[in-house]
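**Q** here is my input, please return the structure:
(one chain, ligands or ions: 1)
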Amino acid sequence: MDEFTLNGKTVLVTGASSGIGKETALLIHRYGARVILTGRNADRLATVINRITTQASEPEPSTGKPALSDSCLVIQADLTVESEMDRLINELPRLDGIVHCAGIVGPLPAKFITQPDIDRMFAINYHVPVNLTGKLLRKKKIADHASLVFMSTIATRNPYFGGALYSSSKAALEAYSRTLALEMTPKGIRSNFIMAGLVDTPMIENPSEKNMQDEALQRYLKRYPLGIGKPHDVAGSILFFLSDASRWITGTSLILGGE
Ligand SMILES: NC(=O)c1ccc[n+]([C@@H]2O[C@H](COP(=O)([O-])OP(=O)(O)OC[C@H]3O[C@@H](n4cnc5c(N)ncnc54)[C@H](OP(=O)(O)O)[C@@H]3O)[C@@H](O)[C@H]2O)c1
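**A** As a prediction, this is how the structure comes out:
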């Protein structure tokens, strides 16, 4: 069905160098989107572009036509640096979709949270998506009827030990997304967020997080009736939110993982 394709849409994916953002960039390109990938790490971004280029020589699933080789663009940027965010924005065309995947995690018991920890977590998980969206709106770089997708976590509902800072940065983002949806209705711009359970990405492999998971692994596994997610499991839902198949859905969220 045509409403499930992204033909003719230009989509920015932040955090496209890794994990969920990377898998999303690959999938939505296969479904016809022109994709703009951003991230900090040039080597990882280059790997994603190579995979997209390889994929572009394969038949595009919905139309059978080969995807265009010029249908992706990389803009490297550390989004917590304002000048780099502004450079990204200046280089961007008008967007039909934005997938806000850039983010960090880091378990820290509430007792040990300090102001620098708060600043670091909120900088990328909350300030970046909020500032990026606001700047793009003011520059009129978000097309009418565009779809904005924010990555959140089921942990905003189901707390885990050490997750206070991470979860609260995402809870703030959820409130932003819902309010944005309300304010954007005159332009038909939609805003939704995804509350994912545990997904197997480099994010959960960092040493401190890994230790936390080893301790709690059995408990975690019981919480996920379908097991731990793969990045592709999340990318499919993002594709749906970007496509016209979800044109009547805004101001809400989708829980992934069955927790
Ligand atoms: N994995 C999970 O279990 C899970 C569950 C629920 C929600 N989420 C959310 O889903 C999103 C993606 O997570 P993931 O698991 O795919 O993580 P990941 O594999 O660690 O990828 C994180 C991405 O964020 C980018 N990033 C981090 N800091 C940045 C900065 N200052 N400027 C620009 N880009 C920056 C990284 O870029 P570089 O590679 O260039 O550093 C990378 O592309 C995050 O928002 C996360 O909170 C993840």
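**Q** OK, contacts around residue 121?
**A** Taking CB atoms under 8 Å, 6 or more residues apart in numbering, we find residue 121 in contact with 104, 106, 165, 166, 169. Where C-beta positions appear, they are placed from N, C-alpha and C, glycine not excepted.
**Q** starting at the chain centroid, how far to the one helix or strand residue 85 maps to?
**A** Using DSSP states H and E, residue 85 maps to helix 82-91. Centroid separation between helix 82-91 and its chain, computed with CA atoms, centre = their mean, to the nearest Å, is 18 Å.
**Q** mind listing what's buried in that helix?
**A** 84, 85, 88, 89 (16 or more other CB atoms under 10 Å).
**Q** wait, the last one touches residue 141, no?
**A** So that's residue 89. Yes: Residue 89 is within contact range of residue 141, at 6.8 Å (criterion: CB atoms under 8 Å).
**Q** near the ligand, anything from the top strand by length along the chain?
**A** Looking across the chain with DSSP state E, the single longest strand is strand 142-153. Yes: looking at strand 142-153 against the ligand by CB under 6 Å from any ligand atom, the contacts come from 151, 153.
**Q** dig out what residue 99 forms beta bridges with.
**A** Going by DSSP bridges, residue 99 is paired in beta bridges with residue 13, residue 149.
**Q** show me where the stretch 51-200 of the chain has strands.
**A** Using DSSP state E, counting those that start in this stretch, the strands found in the stretch 51-200 of the chain span residues 72-76, 95-100, 142-153, 190-196.
**Q** now the longest one, how far from the chain's geometric center?
**A** Going back to what we said before, that points to strand 142-153. Counting by CA atoms, centre = their mean, strand 142-153 comes out at 9 Å from the chain centroid.
**Q** which strands or helices does it pack on?
**A** Judged by 3 or more CB pairs under 8 Å, 6 or more residues apart in numbering; DSSP states H and E, strand 142-153 is in contact with strand 95-100, helix 128-138, helix 164-184, strand 190-196, helix 231-242.
**Q** if we use 6 Å, what do you get?
**A** strand 95-100, helix 164-184, strand 190-196, helix 231-242 (3 or more CB pairs under 6 Å, 6 or more residues apart in numbering; DSSP states H and E).
**Q** what's in contact with it?
**A** 94-101, 136, 170, 173-174, 177, 187-195, 238, 241-242 (CB atoms under 6 Å, 6 or more residues apart in numbering).
**Q** list only buried entries from those residues.
**A** Using 16+ other CB under 10 Å as the burial test, these include 95-101, 136, 170, 173-174, 177, 189-195, 238, 241-242 as buried.
**Q** and the ligand, which of these reach it?
**A** Under the cut-off given by CB under 6 Å from any ligand atom, the ligand has residue 101 from those close to it.
**Q** look up which helix or strand residue 221 falls in, please.
**A** Using DSSP H and E, residue 221 maps to helix 207-223.
**Q** quick one: name the residues of the stretch 151-259 of the chain near the ligand.
**A** Counting by CB under 6 Å from any ligand atom, the stretch 151-259 of the chain sits next to the ligand at 151, 153, 196, 198, 199, 201, 202, 203, 204.
**Q** quick one: which of those is most hemmed in?
**A** Ranked by neighbour count (other CB atoms under 10 Å), those have residue 153 at the top, with 28 neighbours.
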